[in-house]
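# coords below, sequence missing:
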Ligand SMILES: N=C(N)NC[C@@H](O)CC(=O)C(=O)O
């Protein structure tokens, strides 16, 4: 435990504490069992190692990017153009983006709430942040002072599950093109929600805006953090992204890319249906445990692999409940830190991960209700 007060700790430090054991519904990383088909891919890793050793890296990378991105509707992703690179994680891609944006502007308009490592990475590069509610981004005409040089949106958003619609993106991209702002998107949860799988790149290219997109394979398959974050940008995006990427790494492992290609192929052949089914079943199971009790599901129509619950006014607040649950061996996240500009907005909500076995989700939901009632 980091020792700092939970309401001032960042979310990832609490997720780290959850790694020491107990019932972990803290981080949004996949911790459900492998399916049979996925287990077969893991069993083929030695053969994949030999294949990765023999083949040309660029060909393995393009195949992985194409299989994954086309599988989630992104047919116009800039594969093979030199404007789509593979990073060890989406957060590495995010930091490269933050460094590049700081080269261009002092102030970023960032969706509020969202996962706190995004504002932390942006502020870490000296950027000032302006919070923008999801609804204002969806309207496509956020009220922004002139000094704002970029708009950063997480869609589907974490922890709300809100999705920027196709029309919303069209409006927002046109707004950014018209006002000379870079549009940056973190689409890490996109593969879990088909409403987010319209071709983002087609819209961005047609808009004339300068744009950056961060994709992630890390929220989907229980591959023990073997993953890639893809960083893409537009032909007219005037940011030193490739230069800053090269400062961080030469390449991710071709073995990881080859494994991701296999997982993405399996996903298209039914793996995504199984994943969406698991998440939906777990959200329903959570709702059933809560049903009729003092705690309610905050975002019933969210489809991403995390769920917020709203606590009763007369019970413990999110930090007190988080502490009590840790004492009982169950790790959730208090939602305060997601509200990076107004933490008090999350004082009555906690988040549970759903990319877990059904048993884990039900046990955690029951532990939560017991802890709320006990106070
Ligand atoms: N670089 C960081 N801090 N990674 C943690 C992040 O992946 C967890 C996350 O996004 C979630 O739990 O929703």
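Structure received. Every value quoted in this text rests on a predicted model; they were computed, and no experiment measured them.

# distance of residue 215 relative to residue 370?
Separation of residue 215 from residue 370 (Cβ to Cβ, to the nearest Å): 39 Å. C-beta: built from backbone N, CA, C; applies to glycine.

# higher neighbour count, the two?
Just comparing residue 215 and residue 370: by other Cβ atoms under 10 Å the higher neighbour count belongs to residue 215, 27 against 13.

# burial of the residue in the chain positioned nearest to the ligand, as a residue count?
The ligand sits closest to residue 28 of the chain, with a gap of 3.0 Å, by Cβ to the nearest ligand atom. Using other Cβ under 10 Å, residue 28 has 24 neighbouring residues.

# close to the ligand: what parts of the stretch 51-200 of the chain are there?
For the stretch 51-200 of the chain, the contact set with the ligand under Cβ under 6 Å from any ligand atom comprises 91, 115, 117, 158.

# who wins for neighbours among those?
residue 158 (27 neighbours).

# and that residue, what element?
Under DSSP states H and E, no helix or strand contains residue 158.

# mind checking pLDDT for the nearest residue to residue 221 once chain neighbours are set aside?
Nearest residue to residue 221, sequence neighbours excluded (Cβ to Cβ, 6 or more residues apart in numbering): residue 263, at 4.8 Å. Note for residue 263: predicted pLDDT of 98.

# surely residue 263 touches residue 222?
No: using Cβ atoms under 8 Å, residue 263 is not in contact with residue 222; the gap is 9.9 Å.

# between those two, which one's more packed in?
In terms of neighbours (other Cβ under 10 Å), residue 263 is the more surrounded of residue 263 and residue 222; the figures are 25 against 18.

# show me the contacts for the more buried one.
For residue 263, the contact set (Cβ atoms under 8 Å, 6 or more residues apart in numbering) comprises 38, 41, 217, 220, 221, 223, 271.

# mind checking the SS state of the fourth one?
Yep, that's residue 220 we're talking about. Using DSSP: H, G, I helix; E, B strand; the rest coil, the structure places residue 220 in coil.

# could I get the phi/psi values of the closest residue to it other than its chain neighbours?
Closest residue to residue 220 apart from its sequence neighbours, by Cβ to Cβ, 6+ apart: residue 191 at 5.4 Å. Reported as degrees, to the nearest 10, the phi and psi values for residue 191 are phi -70, psi -10.

# what's the neighbour count on residue 191?
What residue 191 shows, counting by other Cβ under 10 Å, is a neighbour count of 29.

# same question, residue 291
Other residues near residue 291 come to 10 when the count uses other Cβ under 10 Å.

# how near is it to residue 250?
According to Cβ to Cβ, residue 291 and residue 250 sit 52 Å apart.

# again, but for residue 84
16 Å.

# ok, residue 310 next?
For residue 310 relative to residue 250 (Cβ to Cβ), the value is 46 Å.

# tell me which residues of the worst-scoring helix or strand of the chain on mean pLDDT come out buried.
Sorting the helices and strands of the chain by mean pLDDT, DSSP states H and E puts helix 134-139 at the bottom, at a mean of 94. Under the neighbour-count criterion of 16 or more other Cβ atoms under 10 Å, helix 134-139 has 134, 136, 137, 138 buried.

# one more: stretch 56-68?
60, 61, 63, 64, 65, 66, 67, 68.

# what's in contact with that stretch?
Applying Cβ under 8 Å, 6+ apart, the contact partners of stretch 56-68 are 52, 77, 79-80, 84, 86, 215, 217, 228, 230, 251, 254, 257-258, 260-261, 264-265, 268.

# so which of these sit within strands?
Of the positions in these, 84, 86, 215, 230 sit in strands, assigned by DSSP state E.

# might you report the residue contacts of the third one?
Residues in contact with residue 215, defined by Cβ under 8 Å, 6+ apart, are 68, 69, 74, 77, 90, 187, 188, 190, 229, 230, 232.

# quick one: buried residues of stretch 265-279?
Of the residues in stretch 265-279, those buried (16+ other Cβ under 10 Å) are 265, 266, 267, 271, 272, 275, 276, 278, 279.

# do I have it right that the third one meets residue 69?
No: Residue 267 is beyond contact range of residue 69, at 11.9 Å (criterion: Cβ under 8 Å).

# could you pull out the helices in the stretch 101-250 of the chain for me?
Secondary structure of the stretch 101-250 of the chain (DSSP state H, counting those that start in this stretch): helices located at 117-124, 134-139, 166-179, 200-207, 241-248.

# tell me how far residue 73 lies from residue 312.
The spacing between residue 73 and residue 312, counted by Cβ to Cβ, is 40 Å.

# which one of those two has more residues nearby?
Between residue 73 and residue 312, counting by other Cβ under 10 Å, residue 73 is the more crowded of the two (18 against 13).

# for the stretch 201-350 of the chain, give me the ranges with low pLDDT.
For the stretch 201-350 of the chain, applying pLDDT under 70 flags no range at all.

# shared neighbours, residue 263 and residue 222?
Joint contacts of residue 263 and residue 222 (Cβ under 8 Å, 6+ apart) are residue 38.

# list the contacts of stretch 353-360.
Stretch 353-360 is contacted from outside by 23-33, 219, 222, 278-279, 281-283, 285-286, 305-307, 361, 364, using Cβ under 8 Å, 6+ apart.

# please pick the buried ones from these.
Using 16+ other Cβ under 10 Å as the burial test, the contacts of stretch 353-360 include 23-32, 219, 222, 278-279, 282-283, 285-286, 305-307, 361, 364 as buried.

# among those residues, which lie within strands?
Using DSSP E, the subset of the buried ones among the contacts of stretch 353-360 located in strands is 23, 24, 306, 307.

# before we move on, back to that, format the buried residues of stretch 56-68 as CSV; extra columns: pLDDT, secondary structure and distance to residue 122.
Listed next are the buried residues of stretch 56-68 as CSV, based on pLDDT from 0 to 100; DSSP: H, G, I helix; E, B strand; the rest coil; distance: Cβ to Cβ, whole Å:
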residue, pLDDT, secondary structure, distance to residue 122
60, 98, helix, 32
61, 98, helix, 27
63, 98, helix, 32
64, 98, helix, 28
65, 98, helix, 25
66, 98, helix, 30
67, 98, helix, 31
68, 98, helix, 26
